[in-house]
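>>> Curious how this folds, go ahead:
(chains A, B, C and D)
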There are 2 protein chains.
Amino acid sequence: MDAIRWLDDGEQRAWRAYLRMHGQLTARLNRQLQAESGLSLADYEVLVHLSETPDGRLRPFELQRGLSWEQSRLSHHLTRMQHRGLIRREGCTEDGRGAFVVLTGAGRRAVEAAAPGHVDTVRKLFFDGLTGDQITLLGQLSTQVLTRLDESTEDGLAVRPATPRHVPGC
Amino acid sequence: MDAIRWLDDGEQRAWRAYLRMHGQLTARLNRQLQAESGLSLADYEVLVHLSETPDGRLRPFELQRGLSWEQSRLSHHLTRMQHRGLIRREGCTEDGRGAFVVLTGAGRRAVEAAAPGHVDTVRKLFFDGLTGDQITLLGQLSTQVLTRLDESTEDGLAVRPATPRHVPGC
DNA sequence: CCAACATAGCTGATGTGTCATCTATTCCGG
DNA sequence: CCGGAATAGATGACACATCAGCTATGTTGG
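All right, here's what the predicted structure looks like:
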C-alpha cells in the first residue's frame, strides 16, 4: 500500500504528447488510405501480411499472431473484407477446425495500388521529421515495452483464470 | 514522379513494433480501467480534462481542442457519458449556440477512484521499463511529429476549406 | 476407448469512431 | 441593418472493436 506515484511533469507531457500524436497520426493515415484506395489501415495491415506469404494465404490464427489482434476482431474484419471481395475463405483439409484466408486478385491489386501512397504518407508525416537516432530509439522503446507487456501477461499481473490452484474441494 | 522510397529494414521494424506496441498497450490500459473503474480510456481523458478546470466545466469546443478529437466523436461520447451520469450538459447564456459540459459528482468520484490504479498501470506497463532519456526523447519525438502534422494540415497537403482566414482567438 | 481439456473459429449484442449533413446562432462587410 | 459566411453543436447511418458465449474438431491421460 505505497503512496501513489503520480506522473511528474515531464512524464505527463511525454505521455499526453504521445497519445495525441498517435491519434492524429493514425487518423491522417486512415484518411489518406481511405481517400486514395478505399482501404482502412486495418485492411491494409491484413492485406500486407497476406501478400508477404508466397501463396497469399494464411490460417486465421497465424494472421492473428502476426497482427496481434483479438481473435474476434479478426474474424469480424475478415467477414467484412470478404464481402468486399478482398479476401476469400477456404476450408482446411489437414485440420477440420481450421480455415484459410486467401488473398483474392482484387485484394492483391488493392494493396499494391495502395502501398506507394501509403508509404509516402508515412514518410512525409512521420519518418521525414525524425533523425535516424530517433527512429532507432523508437524501435528499441517499442520492443522494450512490448516485451514488458508480454511478460506481465504471462504471470499473474493480467488476465488469469482465477486461481486454478487450491480450489476448495478439489 | 520519383521512385518510391520504401521503408528500409530498420524503419520497417521500428514502424511495425511501434504500431503493435501502441495497440497492445492501449488494449491493456483499457481493460484495466474497464475492470477496475468501469471507464474507458476515452472516458478517463474526458473526465481528467474536466476535473482539471476550477469548476469542472468546459465548453465542448474547448474539450475538443484539449483532446484533439473530432467534434462528432466528442458529441457522441458526451451523450453516452451523460446517459451514464458522468457528465451533464448545460446551456450557455453568453453564446446561444454554445453549451457547457459539467462534471457531475458521480463523474468526479469516478475519475478520482480510477486515477491511482490507472497511473499505476501506466507506470508498470510503460514508464517503469524506460529510462529517463527514453522518456524525454519520446516526448520530443511526439511533439516534433505533432508539429509536422499540424503544419501539413494547414497548407494544401490535407483537407482544407478553401479559405480558412479567420482564426478563433480565445 | 473416452472423458476432460485445448484449440480453431464464428457470431450477436453492445459500445465506439467517422462521415455527411443539419440547425441555430454569431460575426462581419457593405 | 441585412445577407452571407463562419462557428457551435447535434444527429443518423454505417464501419469497427470487444465481450461473452457457442460449435466443432483435435489431443491426451487414465
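>>> Only C-alpha atoms from now on, for both contacts and neighbour counts.
Noted.
>>> Doesn't residue A:94 lie inside a helix?
No. Counting by DSSP: H, G, I helix; E, B strand; the rest coil, residue A:94 is not part of a helix but coil.
>>> Look up which helix or strand residue A:63 falls in, please.
Assessed by DSSP states H and E, residue A:63 sits inside helix A:60-67.
>>> next one: residue A:42
Per DSSP H and E: helix A:41-51 holds residue A:42.
>>> which helices and strands sit right next to the helix or strand following that helix?
Sequence-wise, the next helix or strand downstream of helix A:41-51 (DSSP H and E) is strand A:57-58. Contacting strand A:57-58 under the criterion 3 or more C-alpha pairs under 8 Å, 6 or more residues apart in numbering or on different chains; DSSP states H and E are the following elements: helix A:41-51, strand A:99-103.
>>> DNA strand C is nearest to which of the ones you listed?
Comparison of these against DNA strand C by C-alpha to the nearest atom of the strand identifies strand A:99-103 as nearest, at 4.1 Å.
>>> Give me the next element, helix or strand, following that closest one.
helix A:105-125.
>>> what angle sits between the helix or strand just after that following helix and helix B:105-125?
Along the chain past helix A:105-125, the next helix or strand (assigned with DSSP H and E) turns out to be helix A:132-154. Counting by axes from the mean of the first three to the mean of the last three C-alpha atoms, to 10 degrees, helix A:132-154 lies at 110 degrees to helix B:105-125.
>>> returning to what we had before: show me which positions of the helix holding residue A:63 end up buried.
If you call a residue buried by 16 or more other C-alpha atoms under 10 Å in any protein chain shown, then helix A:60-67 has these buried ones: A:60, A:61, A:63, A:64, A:67.
>>> Tell me the residues of chain A that contact chain B?
The interface of chain A toward chain B, taken as C-alpha under 8 Å from any C-alpha of the partner chain, is made up of A:4-7, A:10-11, A:13-15, A:17-18, A:20-21, A:24-25, A:67-68, A:116, A:119-120, A:125-126, A:129-130, A:134-146, A:148-149, A:152.
>>> Strand A:99-103 and the helix holding residue A:63, what's the angle between them?
60 degrees.
>>> Any residue of helix A:60-67 touching DNA strand D?
No. Residues of helix A:60-67 are not located near DNA strand D by C-alpha under 7 Å from any atom of the strand, the shortest gap being 11.0 Å.
>>> List of residues touching the helix or strand following that helix?
The helix or strand immediately downstream of helix A:60-67 is helix A:71-83, counting by DSSP H and E. By C-alpha atoms under 8 Å, 6 or more residues apart in numbering or on different chains, the residues outside helix A:71-83 that reach it are A:43, A:60, A:61, A:64, A:87, A:88, A:89.
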